[in-house]
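> any chance you can model this:
(one chain, ligands or ions: 1)
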Amino acid sequence: MPVFGLGTWRMGESGRLRQAEVDALRLGLDLGVRLIDTAEMYGSGEAERIVADALEGRRDEVFLVSKVLPHNASRAGTLAAAEKSLKRLRTDCLDLYLLHWEGPHPVEETLQAFVRLREQGKIRHYGLSNFDTATLQDAHAAPGGEDIAVDQVLYNLERRAIEWDLLPWCQERQIAIMAYSPLEQGRMRRRRALEEVARRHGATPTQVALAWTLRLPGVVTIPKATRPEHVREDVAATELVLEEDDLAALDRAFPPPVEAAPFETL
Ligand SMILES: NC(=O)c1ccc[n+]([C@@H]2O[C@H](COP(=O)([O-])OP(=O)(O)OC[C@H]3O[C@@H](n4cnc5c(N)ncnc54)[C@H](OP(=O)(O)O)[C@@H]3O)[C@@H](O)[C@H]2O)c1
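As a prediction, the model looks like this:
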């Protein structure tokens, strides 16, 4: 799985921005982005259609991720939701299909549907999102759970709680963490350390924040950007390698957890 992708939350919500959103994803592809994250929830399906437009003639270039809404995630509901996502995305196979968060249906049912979809060749891999350590461990112990490939969770410099136990638990089992909202939705505080590390590398604070999420093995980052200058800046962050001094400075400004902390979601 590529370690850098583009997100699509909030895409498809405004007709005025639609073309800019398609163009942003296409620009990302042109710059070498090889993963796109979407969900049936985003824009009530419209984000998936935007992704399909951006991927016209280029589906093979991308590792494509979508998600089923929890209230659809019964066994039959997941199978039906996947069909609808495939249709909107104008593809016959998703590279990764996730349960968006834990909902009313037992996760065992969702996993059964994921296994069936994989047998049918409609998805290649499956995983979960917004599962904390305990709920992920339960799911992992259920039939089909041993093949959970990903937990997509909130992770950025300001939201480091997963480092306490979720991240190491996943790393031990080769379950990738997909860091969502890696830019804290554009609200990352401008700490001096972030500015200084950026200056040392001739980079921007945003690029440092993204490179920081990629410092560990098994972590994938998926910023969302519509403005072309943001897409360019974010993609260029994949070239930035932070050194020990940088990481130490960032740890002082954005301390890692020293005890178990409540699991955070957006
Ligand atoms: N599984 C889940 O529950 C879940 C939850 C949240 C997010 N996600 C996924 O993760 C993706 C990313 O998270 P997110 O969209 O919440 O937030 P994010 O990526 O942390 O931040 C997106 C915001 O940052 C701005 N931005 C991007 N690059 C920038 C740059 N170089 N300089 C300044 N601002 C920049 C964007 O502006 P413009 O758009 O105007 O360029 C947008 O307003 C989502 O799109 C979605 O695919 C999943």
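> need the residues that contact stretch 196-205.
188, 190, 194-195, 207-208, 211, 233, 236-237, 240, 242, 246, 249-250 (C-beta atoms under 8 Å, 6 or more residues apart in numbering). For glycine as for every other residue, the C-beta is placed from the backbone atoms N, C-alpha and C.
> of those, which one scores lowest on pLDDT?
Across the contacts of stretch 196-205, no position has a lower pLDDT than Arg190, which has 81.
> could you show which parts of the chain are in contact with the ligand?
Neighbours of the ligand within the chain, by C-beta under 6 Å from any ligand atom: 7-9, 37, 100, 129-130, 152, 180-186, 206, 222-227, 230, 233-234, 266.
> please convert the buried members of those residues into ChimeraX selection syntax.
Filtering the residues of the chain next to the ligand down to the buried ones (16 or more other C-beta atoms under 10 Å) takes a single ChimeraX command:
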select :7,8,9,37,100,129,130,152,180,181,182,183,206,222,223,224,225,226,230,233,234
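> sort out which of the residues of the chain next to the ligand are in helices and list them.
Among the residues of the chain next to the ligand, the ones falling in helices (DSSP state H) are 206, 230, 233-234.
> of the residues of the chain next to the ligand, which belong to strands?
Here DSSP state E is the test, and the residues of the chain next to the ligand give 37, 129, 152, 180 as lying in strands.
> and the strands in the stretch 1-150 of the chain?
Assigned by DSSP state E, counting those that start in this stretch, the strands in the stretch 1-150 of the chain fall at 35-37, 63-68, 94-99, 123-129, 150-154.
> which one of the ones in helices among the residues of the chain next to the ligand is nearest Phe63?
Asp234 (16.9 Å; C-beta to C-beta).
> OK, contacts around that closest one?
Contacts of Asp234 (C-beta under 8 Å, 6+ apart): 6, 206-207, 210, 223, 225.
> switch the cut-off to 7 Å
206, 210, 223, 225 (C-beta atoms under 7 Å, 6 or more residues apart in numbering).
> list the residues that contact the residue of the stretch 1-150 of the chain at minimum distance from the ligand.
The ligand sits closest to Gly7 of the stretch 1-150 of the chain, with a gap of 2.3 Å, by C-beta to the nearest ligand atom. Residues near Gly7 by C-beta under 7 Å, 6+ apart: 37, 180, 222-224.
> hmm, back to that, from the contacts of Asp234, pick the one nearest Val22.
Using C-beta to C-beta, Ala225 is the member of the contacts of Asp234 that lies nearest Val22, at 13.3 Å.
> that closest one: what's it in contact with?
Ala225 is in contact with 6, 24, 231, 234, counting by C-beta under 7 Å, 6+ apart.
> check His140 too.
Contacts of His140 by C-beta under 7 Å, 6+ apart are 146, 148.
> same check on the one 3 residues further on?
With contacts defined as C-beta under 7 Å, 6+ apart, the neighbours of Pro143 are 108, 111.
> same check, this time on the one 5 residues further on
The contact partners of Ile148, taken as C-beta under 7 Å, 6+ apart, are 126-128, 139-140, 175.
> and the two most separated of those?
Tyr126 and His140 (12.4 Å).
> dump the strands of the stretch 1-150 of the chain to a markdown table, plus mean pLDDT.
Formatted as a markdown table, the strands of the stretch 1-150 of the chain follow (pLDDT from 0 to 100):
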| stretch | mean pLDDT |
| --- | --- |
| strand 35-37 | 98 |
| strand 63-68 | 98 |
| strand 94-99 | 98 |
| strand 123-129 | 98 |
| strand 150-154 | 98 |
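> can I get the ones you listed in CSV with distance to Glu259?
Formatted as CSV, these follow (distance: least, C-beta to C-beta, whole Å):
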stretch, distance to Glu259
strand 35-37, 31
strand 63-68, 31
strand 94-99, 28
strand 123-129, 24
strand 150-154, 18
